[in-house]
Structures are given as C-alpha cells and as structure tokens.
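# Here is the input, now give the coordinates:
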Amino acid sequence: MMCKALISGCIAAVILMTTAYGGPLKTTLSLPQKEELLEALINDLKLLKDIDNNFLDFYTPNDKQECKQTTLACFLKELKVLEQDVEEKDKQTVINIEKNLEDFKDPDFSNPTCKKCESNEMKKFPEFHQEMTSFLESMRK
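So this is what the prediction gives:
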C-alpha cells in the first residue's frame, strides 16, 4: 500500500514539474492521426449544418495558407461563442469540435502579418460553417 502511494506521489511530482518548467505534456500527432482527427472534425461539423442560428454573426476568417494558426485560433474563439448559443443537443458536438481543433494549435505560433480575428468579416452561421468546413478540408491536403 505504501509503495503505491509513493509511486503515485512520484508520478504527480513529475507531472507538476514538467508543467511548471514548460515541458510539453502533449505529444505531436502523426500524419495518420491528423487525418483521422480531421475526418472526425468534418463529420462533427456536418452534424451542425442545420443549426438554426441566424441571429448571431461570427468573425469568419478565409485565409487558409500562411495564417493557418491564426485562422484556427479565430474559429476556436467563435466556436466558444456558438457553444453558448446552441441548443443542448448540439452543445456536445461543438465541444468535441473545439477539443479536436485544439490538437492542431501551435502555442508558439506568432505572425504579426496575420490579421486579428476581429478584422475578419462578420457572417451568419451558414457562411461561417461553410468557411470552417473549407478550412478543414484544406488542412487535409
């Protein structure tokens, strides 16, 4: 019993030290994992296609090349807005999309030439949905 407690304590200490000193806890995805995750994202996004949300406007990026990370961050930010305004039955799908998109984020990315999310055009959900789908499909190539 004492041994289990000691081992658990050591594991917890390593995790805390890794986090405190900036060591990556997250591993990078392999190409097949990325492809599988993108497929899941696109399928989840299809489930949201018919959401009746014409009262909200979303900042909708359309840059798919140099500013992929900025575009990704903007979609994530807008999904958090959507999460607050969807019916309960769609909320988990939005949360799943957010979690899966997080796996593609690069926390060290910085490009001052990329425009801020709030600089993008505001669009209704169907256009936002289409742009996000197009963005995810471009990531598969």
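# tell me the pLDDT at the residue positioned nearest the centre of the chain?
The centroid of the chain falls nearest to Leu101 when counting by CA atoms, centre = their mean (2.4 Å). Confidence at Leu101, expressed as pLDDT, is 94.
# can you check Thr27 too?
At Thr27, pLDDT is 58.
# same deal with Ile7?
With respect to pLDDT, Ile7 has a value of 64.
# for Glu39, same thing?
Checking the pLDDT column for Glu39, the value is 94.
# what about it, how many neighbours?
Counted with other CB atoms under 10 Å, residues neighbouring Glu39 total 12. Placement of C-beta: from N, CA and C, glycine included.
# Would you state the strands of the chain in chain order?
58-60, 121-123 (DSSP state E).
# so what's the residue nearest to the centre of the chain up against?
Taking CB atoms under 8 Å, 6 or more residues apart in numbering, we find Leu101 in contact with Leu41, Leu72, Phe75, Leu76, Leu79.
# From the residues you listed, pick the one nearest Lys105.
In terms of CB to CB, no member of the contacts of Leu101 lies closer to Lys105 than Leu72, at 6.1 Å.
# Please tell me I have it right and that closest one contacts Glu102.
No: under the criterion of CB atoms under 8 Å, Leu72 is not in contact with Glu102, lying 9.2 Å apart.
# Just give me the neighbour total for the closest residue to Thr60 other than its chain neighbours.
Nearest residue to Thr60, sequence neighbours excluded (CB to CB, 6 or more residues apart in numbering): Lys123, at 4.2 Å. Neighbour count of Lys123, defined by other CB under 10 Å: 17.
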